[in-house]
Structures are given as C-alpha cells and as structure tokens.
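>>> Pasting the sequence and the predicted model now:
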Amino acid sequence: MSGDGGFSDALDEADKADPDRPFSRTAYLTALNWEWLILRGQAMHDAHKADTEGVTPPARVKLPIRDYGAYAAEGALWSRIAATRGDFTDHAARAFAKFAEAYQAAPLEQYRSLASGSNGRQKSHRATH
C-alpha cells in the first residue's frame, strides 16, 4: 500500500465501473478476502523476518504489520458494504481504528493523508450509527 492521495479516487473509479453498485457486496467481500490473505502473508513474513533477526516477541503479543495502510483499505471496503447493510458499520469502524492505532504507534509520512481521512470516517460512522 503506497498511501498516496489517489486512494479514495481509485475506489470511486472502481465503484463507477460496477453496474450493480451499491448492491454488489460480493465484489467487496471478494476484495476483503484478498486483503485478508495479503495481511496474513505479510504478518507471517514480518514474523519470520523478526525471528531470523533474533527479535522473537512473546507468543501472546500480536505482531503489527509493517504495511498498516491495508487497514484503511479494509475500512473503505467495509464502508461500502455498510452503505446497504448497516450491520457492517462496526467492521469498518474497527478497521479504521486499527489503522489509526498503528499510525499513532509508528506514523509514516506515506499514510498521513489516509490518517486524516480515517479519523473523519470513524467520527462519521459513530455519529450516523
């Protein structure tokens, strides 16, 4: 995830190409499955790298991923599903919260615009649901 400012525009462009939007939850769920596989693979890679570098964390510590911008992407996808199924709003809020927490712990310049946007989306989710 590069975190560039065109992230939201790219999602909007993909939405416009979908004739079933906003009712095309299958496409969003498929994208979330792919995103989960990417996150899982990244976490495993990061854990393996840390282990080979001799930095083995305690077993109960959840390993952060280095490319935490994926959490913002996850939040955006859940938000699109929640547009027609309000019971998924909490999924979006949790993903945006994971991103905000990771950004606060290790702010990267490439995610600055996503960080300011995800904070606003979290507040709007709380206000409307």
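Now that the structure is in, tell me what you want to look at.
>>> check contacts around F23.
F23 sits next to T84 when contact means CB atoms under 8 Å, 6 or more residues apart in numbering. (C-beta placed from N, C-alpha, C; glycine too.)
>>> and it, how far is that from T84?
For F23, the distance to T84 equals 6 Å [CB to CB, to the nearest Å].
>>> got it, and R25?
The spacing between R25 and T84, counted by CB to CB, is 7 Å.
>>> Also D20?
From D20 to T84 the distance is 11 Å (CB to CB).
>>> Buried residues, the helix or strand harbouring Y71. List them.
Assessed by DSSP states H and E, Y71 sits inside helix 69-82. Of the residues in helix 69-82, those buried by neighbour count under the rule 16 or more other CB atoms under 10 Å are 69-82.
>>> ditto for stretch 101-109
So, applying 16+ other CB under 10 Å, buried residues of stretch 101-109: 102-103.
>>> Kindly export it (C-alpha atoms) in CSV.
What follows is stretch 101-109, C-alpha atoms only, in CSV (Å, rounded to 0.1, in the frame of the first residue of the first chain):
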residue,chain,number,x,y,z
GLU,A,101,-3.7,2.9,16.3
ALA,A,102,-0.9,1.6,14.0
TYR,A,103,-0.4,5.1,12.6
GLN,A,104,-0.2,6.6,16.1
ALA,A,105,2.3,4.0,17.2
ALA,A,106,4.5,4.4,14.1
PRO,A,107,3.5,7.3,11.9
LEU,A,108,4.7,7.0,8.3
GLU,A,109,4.6,10.0,6.0
